[in-house]
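**Student:** Based on what follows, work out the 3D shape:
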Amino acid sequence: MQIVMIPGFWLDGDSWSEVTPALVAAGHTVHTPTLPGKRPGDTDLAGIGLRDHVDAVIAFVDALDGGDGADDDGPGQVTLVGHSGGGTIAWAVADARQSRIERVVFVDAIPMPAGTCINDELPVEGDGVPLPDWTLFEPEDLIDLDDALRERFRAIAKPEPVGVAHEPTRLDDDARFSVPVTVIACQFPADLIRQAIANEREWAGELAGMQQLEIIELPTGHWPQFTKPVELGASILTAVGG
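**Tutor:** Sure, this is the predicted structure:
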């Protein structure tokens, strides 16, 4: 299977490097694209919005050779994995290319409902949102992220284009709800997510509409690709049936 892994805020494709070996060993073809504004040489973040990131992944998916005979008239063999804000991007890609997407795996992520933004409360500097001071995060975010991992994270972090954080997400096709979904829940337990769905919380609105939803618990903080990469790889394999 083709697996396209979408990084969250401040991270590039290489941030998945300790997660991908298990997926490759299981026979999957893994892609870890780096999105506009965070590629080598990208310095001008002005004008880069959420839809630019969505369109970049759509173009990437469109260019893939499924190798399984799949076409636009049948189910695709592409699984999207999105971490944090990358989950909203993954879900918008599934909305646009439902026939190509086999499954969406949200890594400690909840897809934002149409018309809402990923996060417009983070400190902005110019056209970017730099990685904030650790004190601005909730304690649950930072579980298992020790000093060495924090230093590593900050060393590779790149400012997120402000438009990606602030631009409302666009969802157009209710057929997206037929795409199977797995949520890998890290900082919050699965029961909290289920309660949010049952209580019709706005942020869980997209989850409530999903026809096939499973939740896998991986207790750790918000960045399991750093704190528990081997376990995250195993959880993704469980999600894709491998």
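
**Student:** Could you tell me which helix of the chain is the longest one?
**Tutor:** Criterion DSSP state H: the longest helix present in the chain is helix 50-63.

**Student:** helix or strand right after it?
**Tutor:** Using DSSP states H and E, the next helix or strand after helix 50-63 towards the C-terminus is strand 78-83.

**Student:** picking that back up, which secondary structure elements does the longest helix of the chain contact?
**Tutor:** Other elements packing on helix 50-63 under the criterion 3 or more Cβ pairs under 8 Å, 6 or more residues apart in numbering; DSSP states H and E are strand 2-6, strand 78-83, helix 85-96, helix 162-166. Placement of C-beta: from N, CA and C, glycine included.

**Student:** spatially speaking, which residue is in the middle of the chain?
**Tutor:** residue 82 (1.8 Å; Cα atoms, centre = their mean).

**Student:** closest to residue 177 out of the helices and strands packed on helix 50-63?
**Tutor:** Among the helices and strands packed on helix 50-63, helix 85-96 comes nearest to residue 177, with 9.4 Å by Cβ to Cβ.

**Student:** how much does the closest one deviate in direction from strand 78-83?
**Tutor:** Angle, helix 85-96 to strand 78-83, by axes from the mean of the first three to the mean of the last three Cα atoms, to 10 degrees: 150 degrees.

**Student:** can you redo the helices and strands packed on helix 50-63 as TSV with mean pLDDT and distance to residue 114?
**Tutor:** Putting these into TSV (pLDDT from 0 to 100; distance: least, Cβ to Cβ, whole Å) gives the following:
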stretch	mean pLDDT	distance to residue 114
strand 2-6	98	19
strand 78-83	98	16
helix 85-96	98	9
helix 162-166	98	15
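
**Student:** I'd like to know which of these is closest to residue 38.
**Tutor:** helix 162-166 (9.6 Å).

**Student:** what packs against the very next helix or strand once past that closest one?
**Tutor:** Moving toward the C-terminus from helix 162-166, the next helix or strand (DSSP H and E) is strand 181-185. The contact analysis (3+ Cβ pairs under 8 Å, 6+ apart) places strand 181-185 against strand 101-107, helix 190-198, strand 213-217, helix 229-240.
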